[in-house]
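Participant: Below is the structure, and that's it, no one-letter string:
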């Protein structure tokens with residue numbers, strides 16, 4: 001079933017009406033060719049609920065829908081996972097954002113580390129973030145997420161570490177970390193529902209030793225991803241997949 005995101009004020013619980021506006025109107029009418037009476041899902045991108053609606057009319061204001069029932073959150077991970085992603089080259093960030101949203105990340109934070117090749121000034125960063133946020137919204141629709149994960153502004157590694165201090169569990173894959181037995185034990189014993197979990201991923205060149213040292217000094221746990229060296233666009237998705245496996249029962 002098709003899913004669309006609206007602002008909270010577009011859902012009128014008293015009147016049991018929902019109005020869909022913007023570019024989704026054309027998509028519903030002319031691409032999907034939906035008709036009056038057909039059902040669709042609506043989310044406000046905040047409360048994780050699924051609002052099941054039926055199209056009532058096509059008006060000048062948009063697509064007017066009748067609210068049939070509300071389904072409580074059954075899609076989101078029981079923990080909030082934030083991916084701190086070192087800025088990669090080319091268009092890799094687009095793939096990372098898309099797949100991270102599909103795997104349940106709550107937020108993606110682009111991080112400028114020392115070995116990042118990409119350097120974004122304020123103007124370029126604003127355009128990139130807008131692009132990545134659009135990809136996050138499209139991925140949220142496709143995977144039937146109850147929220148639209150946020151792509152934040154670019155931060156330095158030091159700023160990322162500082163922000164992660166408030167989180168319950170902090171992980172940083174590192175090629176010199178303990179073996180997989182340690183990673184497996186950590187995942188089984190320390191990953192629990194209700195946590196806020198930070199995952200740090202380096203760019204193509206990885207993290208510098210000084211960055212790893214700073215991370216460890218601030219309680220960020222180095223973990224191994226196995227004997228093979230993974231690309232930056234693979235590493236974060238691997239950790240998110242493990243977390244999804246541990247958290248979803």
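Facilitator: Nice, thanks for sending it over. Keep in mind it's a predicted model, so treat the numbers as computed, not measured. Numbers count the residues shown, from 1 in each chain.
Participant: For the residue nearest to residue 202 when sequence neighbours are not counted, give the beta-bridge partners.
Facilitator: Take residue 202 and drop its neighbours on the chain: the residue closest to it by Cβ to Cβ, 6 or more residues apart in numbering is residue 86, 4.6 Å away. Where C-beta positions appear, they are placed from N, C-alpha and C, glycine not excepted. Beta bridges link residue 86 to residue 111, judged by DSSP bridges.
Participant: Quick check: buried residues in whichever helix in the chain runs longest?
Facilitator: Using DSSP state H to define each element, the chain has its longest helix at helix 122-142. For helix 122-142, the neighbour count (16 or more other Cβ atoms under 10 Å) marks 125, 128, 129, 132, 133, 135, 136, 137, 139, 140, 141 as buried.
Participant: what about residue 18, how many neighbours?
Facilitator: Using other Cβ atoms under 10 Å, the number of residues around residue 18 comes to 26.
Participant: doesn't residue 7 make contact with it?
Facilitator: No: look at residue 18 against residue 7 with Cβ atoms under 8 Å: they stay out of range, at 10.7 Å.
Participant: Would you map out the domains in this structure?
Facilitator: 3-71, 80-247 (automatic domain parsing).
Participant: How about the contacts made by the closest residue to residue 195 other than its chain neighbours?
Facilitator: In this structure, residue 195 finds its nearest non-sequential neighbour in residue 168, 4.0 Å apart by Cβ to Cβ, 6+ apart. With contacts defined as Cβ atoms under 8 Å, 6 or more residues apart in numbering, residue 168 is in contact with 195, 196, 197.
Participant: Kindly report the same for residue 89.
Facilitator: For residue 89, the contacting residues are 117, 118, 203, 204, by Cβ under 8 Å, 6+ apart.
Participant: Brilliant, that's me finished.
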